[in-house]
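> Below are the sequence and a predicted model; questions follow.
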Amino acid sequence: MPDQAVCLPPASSAMAPFNVGSWRVDPTLNRIRQRGREIKLEPRVMHVLVCLASRPAQVVTREELMEVVWAGTIVSEEAVTIAISVLRRSLGDVPRDPQFIETIHKIGYRLIAPVTTAREAPVRRARRPVWLAAPLLLILGLAMWLWVGRREQEPEALICAGVPITTYPGDERYPALSPDGTRVAFAWAGEEGVNSDIYVKQPGAELPLRLTHHQASESFPAWSPDGSTIAYVRTGRRWGIHTIPAIGGTPQLVVSTAPGVYGLDWSPDGRFLVFSGPHEPGNTPAIVMVSVETGETSFLTSPQPPYTCDFSPAFSPDGSRVGFVRTGPQYQQDVYVVPTTGGTPERVTHYQRQVTGFDWMPDGRELIFAAAPSGEYSLWRIDLASGDISWLPTQGGAAMQPTIARGARRLVYERLQSDYGIWQVQLDDSTHQAGRPTPLIASTRIDYGARFSPDGEQIVFISTRSGTREIWTCDAQGRHLLRLTDFGDTFVLHPRWSPDSREIAFSATMGENAAAFIVGVDGGKPRRVRRVDGHDIVSGWSPDGEWLYVESNAGGDWRLCQMRPDGSSARVITEADRSLVGVADGYLYMHRPAVPGVWRRPIEGGEEECVADADVASDWAAIAVMKGGIYFIWRNPGVNTIGYYDLADRSPQYVVRLPMDSPRLAVSPDETTFLFEHEREREIDLILIDDFR
């Protein structure tokens with residue numbers, strides 16, 4: 001690795017300004033300037049630039065950058081990717097035709113623009129920074145010669161500015177731009193919000209054209225290559241793919257499908273449609289091609305464990321390939337590409353965690369996709385040849401489902417704005433009557449996954465309020481918030497309290513896999529439990545705190561394991577895939593993915609028994625195991641109730657009705673306070689970016 005002295009953090013000392021190409025760089029102020037324009041960089045982004053400039057024209061590996069720039073911090077390689085992406089956009093660089101930073105595939109980066117002393121800087125005979133002097137003396141003449149005559153590029157805008165196409169009540173979903181970019185098709189449930197139909201709208205026009213009027217929901221519009229027809233998915237009692245003229249008319253059935261279709265696209269030659277659907281009802285969704293003329297289908301993919309779903313297919317501009325999103329263990333998602341003639345899918349992106357839509361650039365060399373590798377959904381650009389990823393920041397809200405016009409420089413995406421926080425409902429100590437649900441933990445970002453500490457004095461939760469997903473704590477009244485982690489780019493999940501309320505175990509994605517970590521309740525650097533080739537997903541602690549329970553696939557198949565908090569004495573304790581939902585009364589309570597119900601077995605080992613049926617365990621995330629019983633969310637159409645299942649008499653009881661649905665549930669140790677998540681406000685509008693390149 002490079003000598004760390006040549007890559008000191010910019011704020012650590014007064015570094016003289018220098019030039020990178022036509023940009024003046026001032027490390028002390030974390031600023032770059034060009035022709036009167038000034039941009040302020042984050043300190044670590046500036047530190048990356050300083051490291052690259054200290055070794056101009058030489059390759060600096062990703063590992064070297066991580067060790068120097070992020071010294072003492074646990075991050076994945078994605079931190080480097082994001083920093084390079086921000087730096088490129090600030091410099092006005094283009095990854096596919098770089099003038100400043102070149103990607104050396106699977107190795108690192110090198111600064112190809114010349115590095116020179118700043119003209120404005122006074123010439124000093126002494127105390128010239130060691131990190132700059134030697135390289136400049138060797139390359140100054142050559143660098144100036146290389147730069148002469150090179151065309152200077154106007155920097156690209158740092159924000160992809162867009163304008164709203166739709167601002168209707170409710171959610172406008174799954175946009176599809178017509179080939180010429182003059183119209184956008186989308187799904188909308190209307191002002192009543194009953195079921196979604198297909199609409200078409202021209203940018204600038206006030207009212208959309210409603211194409212469908214069926215009682216079932218319809219979604220995923222896709223344009224024919226000539227822009228005359230729209231295909232879409234109809235759900236309900238009879239799932240199927242239909243077509244309808246883009247100006248309105250009579251729908252035509254192309255093919256009936258099994259329930260569970262997610263995503264649809266039309267081939268450039270107009271002969272085929274591609275969609276995501278299962279072979280049979282209940283099977284894993286795969287990518288399916290169907291002939292528009294005959295309705296004959298063929299499967300392009302067949303995901304096998306640990307992969308659970310292939311969805312959101314899109315044809316390449318030349319029709320030779322189909323891109324799609326594949327879901328792996330713990331809902332990790334990435335973009336893959338497969339030939340339309342069949343074959344082994346090629347993985348295109350890595351470590352994106354959650355992907356919601358993508359589209360091809362018209363030349364077929366790049367993809368634009370929406371993903372949430374750590375914080376909210378954002379737009380990203382990937383060069384298929386180099387694998388280089390660039391961030392495309394947008395204005396306000398989460399960006400999802402991008403669509404690009406094949407014949408115009410236009411992009412449309414969904415902008416999600418929501419108020420998603422943690423609410424509470426309390427029972428009166430004397431009457432045990434439920435009070436009114438009230439917000440407890442709220443911000444302008446996402447807060448979720450709350451759990452009470454065993455002593456009932458604190459709450460741990462996950463929040464994106466700092467920009468990325470991190471572990472936070474507060475007291476039981478939602479006050480005195482403290483951020484415990486500062487990964488910056490890592491996806492964290494499943495925080496679990498130790499029995500003494502002094503530590504929190506959790507998992508965080510580190511590159512390809514999720515690893516188990518433990519952090520003290522007062523903060524500090526999280527310590528990694530162990531290093532294995534596979535996932536370690538934290539599930540809980542033993543009552544005495546001597547053991548940590550982890551779901552792991554380090555041995556190939558998913559198994560529930562136990563190990564010491566330092567990672568030693570690890571051993572498998574179940575013979576098949578299990579998810580731990582709680583530990584109480586000397587038992588491990590588990591969920592079997594393939595068998596509905598709550599199962600338990602003695603902590604020390606023994607036979608498993610089913611203690612609650614599917615009504616209680618319909619959603620294992622909404623279960624709280626307590627001494628003597630299980631709290632759960634009982635979901636019925638229009639009504640959601642917190643119920644209690646007494647393990648002694650095996651009977652469910654009504655506790656409190658919720659005014660809203662919630663994916664998770666937490667209960668205080670004294671069983672008087674319930675925490676759940678509520679999306680108070682939600683709005684999805686469609687945003688147009690014109691002249692998108």
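Structure received. Numbers count the residues shown, from 1 in each chain.

> in the helix or strand that residue 472 is a member of, what's buried?
Residue 472 belongs to strand 470-475 when assigned by DSSP states H and E. Buried positions in strand 470-475, judged by neighbour count with 16 or more other CB atoms under 10 Å: 470-474. The way it works is simple: take the backbone N, C-alpha and C, and place the C-beta from them, glycine included.

> Would you reformat those as TSV and include pLDDT?
Output for the buried residues of strand 470-475, formatted as TSV (pLDDT from 0 to 100):
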residue	pLDDT
470	91
471	95
472	96
473	97
474	96
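
> Of the residues you listed, which is the nearest to residue 247?
The nearest member of the buried residues of strand 470-475 to residue 247, counting by CB to CB, is residue 470 at 49.9 Å.

> now the stretch 401-550 of the chain, which segments are flagged as low pLDDT?
429-432, 489, 511-512 (pLDDT under 70).

> now stretch 681-688, how far from the centre of its chain.
From the chain centre to the centre of stretch 681-688 is a distance of 18 Å (CA atoms, centre = their mean, to the nearest Å).

> swap in stretch 91-110?
Put simply, stretch 91-110 sits 24 Å off its chain's centre (CA atoms, centre = their mean).

> what's in contact with it?
With CB atoms under 8 Å, 6 or more residues apart in numbering as the test, stretch 91-110 has contacts from 20-21, 23, 32, 52, 55-65, 84, 87-88, 111-113, 150, 153-156, 365-366, 381, 383, 385-388, 390.

> what's around residue 280, how many residues?
Counted with other CB atoms under 10 Å, residues neighbouring residue 280 total 7.

> dump the residue contacts of it.
By CB under 8 Å, 6+ apart, the residues touching residue 280 are residue 258.

> Would you mind giving the secondary structure of it?
At residue 280 the chain is in coil, as set by DSSP: H, G, I helix; E, B strand; the rest coil.

> Would you mind listing which of the contacts of stretch 91-110 are buried?
Going by neighbour count (16+ other CB under 10 Å), the contacts of stretch 91-110 have 20-21, 23, 32, 52, 55-57, 60-62, 64-65, 84, 87-88, 111-113, 155-156, 366, 381, 383, 386-388, 390 buried.

> Show only the entries of those residues found in strands.
When the buried ones among the contacts of stretch 91-110 are checked against strands (DSSP state E), the matches are 20, 23, 32, 60-61, 111, 366, 381, 383, 390.

> Confidence-wise, which of these comes last?
Lowest pLDDT of these: residue 390, 76.

> where's that residue relative to residue 87, distance?
Distance, residue 390 to residue 87, by CB to CB, to the nearest Å: 10 Å.

> Test my guess that residue 448 contacts residue 662.
No - applying CB atoms under 8 Å, one finds residue 448 not in contact with residue 662, separated by 9.7 Å.

> Look up the residues that both of these two are in contact with.
With CB under 8 Å, 6+ apart, residue 448 and residue 662 have common neighbours residue 677.

> More neighbours: the two, which one.
Remark: of residue 448 and residue 662, residue 662 carries more neighbours, 23 against 19, as counted by other CB under 10 Å.

> check contacts around the more buried one.
Contacts of residue 662 (CB under 8 Å, 6+ apart): 622, 633, 640, 676-678.

> What strand or helix carries it?
Per DSSP H and E, there is no helix or strand for residue 662.

> Please apply the same query to residue 447.
Going by DSSP H and E, residue 447 is part of strand 447-452.

> any chance you could map the strands in the stretch 501-650 of the chain?
Counting by DSSP state E, counting those that start in this stretch, the stretch 501-650 of the chain has strands at residues 503-510, 513-520, 523-528, 536-541, 548-552, 559-563, 571-572, 579-584, 587-592, 595-602, 609-612, 623-626, 629-636, 639-646.

> Out of the ones you listed, the one nearest residue 178 is which?
Per CB to CB, nearest to residue 178 of the strands of the stretch 501-650 of the chain: strand 503-510, 37.7 Å.

> Pull out the CA atoms of the closest one and give them to me as PDB.
Extracted in PDB, the C-alpha atoms of strand 503-510 (Å, rounded to 0.1, in the frame of the first residue of the first chain):
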ATOM      1  CA  GLU A 503     -24.400  -4.500  23.900                       C
ATOM      2  CA  ILE A 504     -26.200  -4.800  20.600                       C
ATOM      3  CA  ALA A 505     -25.500  -7.500  18.000                       C
ATOM      4  CA  PHE A 506     -26.500  -6.800  14.400                       C
ATOM      5  CA  SER A 507     -25.600  -7.700  10.900                       C
ATOM      6  CA  ALA A 508     -24.100  -5.500   8.200                       C
ATOM      7  CA  THR A 509     -23.300  -6.300   4.600                       C
ATOM      8  CA  MET A 510     -19.600  -6.300   3.900                       C
END
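
> Report the angle between that strand and strand 536-541.
170 degrees (axes from the mean of the first three to the mean of the last three CA atoms, to 10 degrees).

> Isn't residue 527 up against residue 517?
Yes - using CB under 8 Å, residue 527 is in contact with residue 517, at 6.6 Å.

> For residue 35, give its distance to residue 648.
77 Å.

> Correction: the previous question concerned residue 348.
53 Å.

> The strands of the stretch 501-650 of the chain: which one's closest to residue 217?
So among the strands of the stretch 501-650 of the chain, strand 629-636 is nearest, using CB to CB, at 19.0 Å.

> now for that closest one, which elements pack on it?
strand 623-626, strand 639-646, strand 651-658, strand 665-667 (3 or more CB pairs under 8 Å, 6 or more residues apart in numbering; DSSP states H and E).

> care to break the chain down by domain?
4-147, 163-417+683-690, 484-577 (automatic domain parsing).

> start to end distance for the longest one?
In terms of CA to CA, to the nearest Å, the two terminal residues of domain 163-417+683-690 are separated by 9 Å.

> gap between it and the chain center?
Using CA atoms, centre = their mean, the distance between the centre of domain 163-417+683-690 and that of its chain works out at 17 Å.

> One more: the shortest one?
Its chain's average C-alpha position is 21 Å from that of domain 484-577, according to CA atoms, centre = their mean.

> Pull up the distance across that domain, start to finish.
Termini of domain 484-577 sit 31 Å apart (CA to CA).

> that older thread, among the helices and strands packed on strand 629-636, where is the model least confident on average?
strand 651-658 (a mean of 81).

> Tell me the buried residues in it?
Buried residues in strand 651-658 (16+ other CB under 10 Å): 652, 655-656, 658.
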